[in-house]
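Student: Build the 3D model from these lines:
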Amino acid sequence: MPSTTPLLTRKEARQLSGASTTIVNKAVEQRVIATKSVERTSLVDARDAGSLALFASLHFGLPVRDKRRLARWLRGAAVGAELALSAAIIVRKTPELAEVTAAAVRYAELKGRFLEVDPERQGGEPVIRGTRIPIRGLAKQIEADESLEVLRQEYDYFDEDAFEFAVLWARANPRRGRPAKPGPSSPGREPEGRHAHIEARRRTGAAAASA
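Tutor: As a prediction, the model looks like this:
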């Protein structure tokens, strides 16, 4: 049964939040962020991407109980709101954290729209839904500096959001044995939406967690 919760794999959560594998795994194992088990796989709630981004920006550790409190608070807090974890630590929800979360939720929505894996189609290689176009192949064309104008003409039956999704998905899901790239070599080679997401992640360092 399809889930209405926007879900990410751990690799996707790592890529979209900018957090390390260790941070993501600990957040899951310590039940700091929300997860949902789907076909025996623990998937991350995309709405907690901002929390992962914040944890990645901290230069000090927090007790698990404070991390859980912080993650719950970030979900519903307005931009600019502050949370006092103690007399010495105040955390502010910045626009950048909100953008990371919004980008992760959007990605989860795009994945639901465009990702199709069918053993009877292309040998099970993930394709853009309703087509025989491998997602990794499309992403490779985009990253090889193929202009969007050319791609729009070649795939004129595509929803343009598919181009953005292809790059995001391929980066988070490299072929086995190949590490995920930390980011594009040239933002100009990405769809505009992807570039905005990258810039949002770069700015997460501005998240305030002041002592």
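Student: how much space is there between L8 and P174?
Tutor: 16 Å (C-beta to C-beta, to the nearest Å). Just so you know, the C-beta spots here come from the backbone N, C-alpha and C atoms, and that holds for glycine as well.
Student: ok now stretch 68-85, how far from the chain's centre?
Tutor: 20 Å (C-alpha atoms, centre = their mean, to the nearest Å).
Student: okay, that stretch in CSV with CA atoms only?
Tutor: These are the backbone C-alpha positions of stretch 68-85, laid out as CSV (Å, rounded to 0.1, in the frame of the first residue of the first chain):
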residue,chain,number,x,y,z
ARG,A,68,14.9,13.9,19.9
ARG,A,69,13.4,17.0,21.3
LEU,A,70,15.1,19.1,18.7
ALA,A,71,13.9,17.0,15.8
ARG,A,72,10.3,17.0,17.0
TRP,A,73,10.5,20.8,17.5
LEU,A,74,12.0,21.5,14.0
ARG,A,75,9.2,19.8,12.3
GLY,A,76,6.6,22.3,13.4
ALA,A,77,8.6,25.3,14.2
ALA,A,78,8.3,28.5,12.2
VAL,A,79,11.4,29.9,10.5
GLY,A,80,13.1,32.2,13.0
ALA,A,81,11.8,30.4,16.0
GLU,A,82,14.2,29.5,18.8
LEU,A,83,14.4,26.6,21.2
ALA,A,84,16.4,26.7,24.4
LEU,A,85,17.8,23.2,25.0
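Student: Just the buried positions in it, please.
Tutor: 68-74, 77, 83, 85 (16 or more other C-beta atoms under 10 Å).
Student: who touches it?
Tutor: Residues outside stretch 68-85 that contact it (C-beta atoms under 8 Å, 6 or more residues apart in numbering): 27, 30-34, 47-48, 50-51, 54, 62, 66, 90-95, 97-98, 101.
Student: related to what we said a few turns ago, for the buried residues of stretch 68-85, name the two members farthest from one another.
Tutor: Within the buried residues of stretch 68-85, R68 and A77 form the most distant pair, 14.6 Å apart (C-beta to C-beta).
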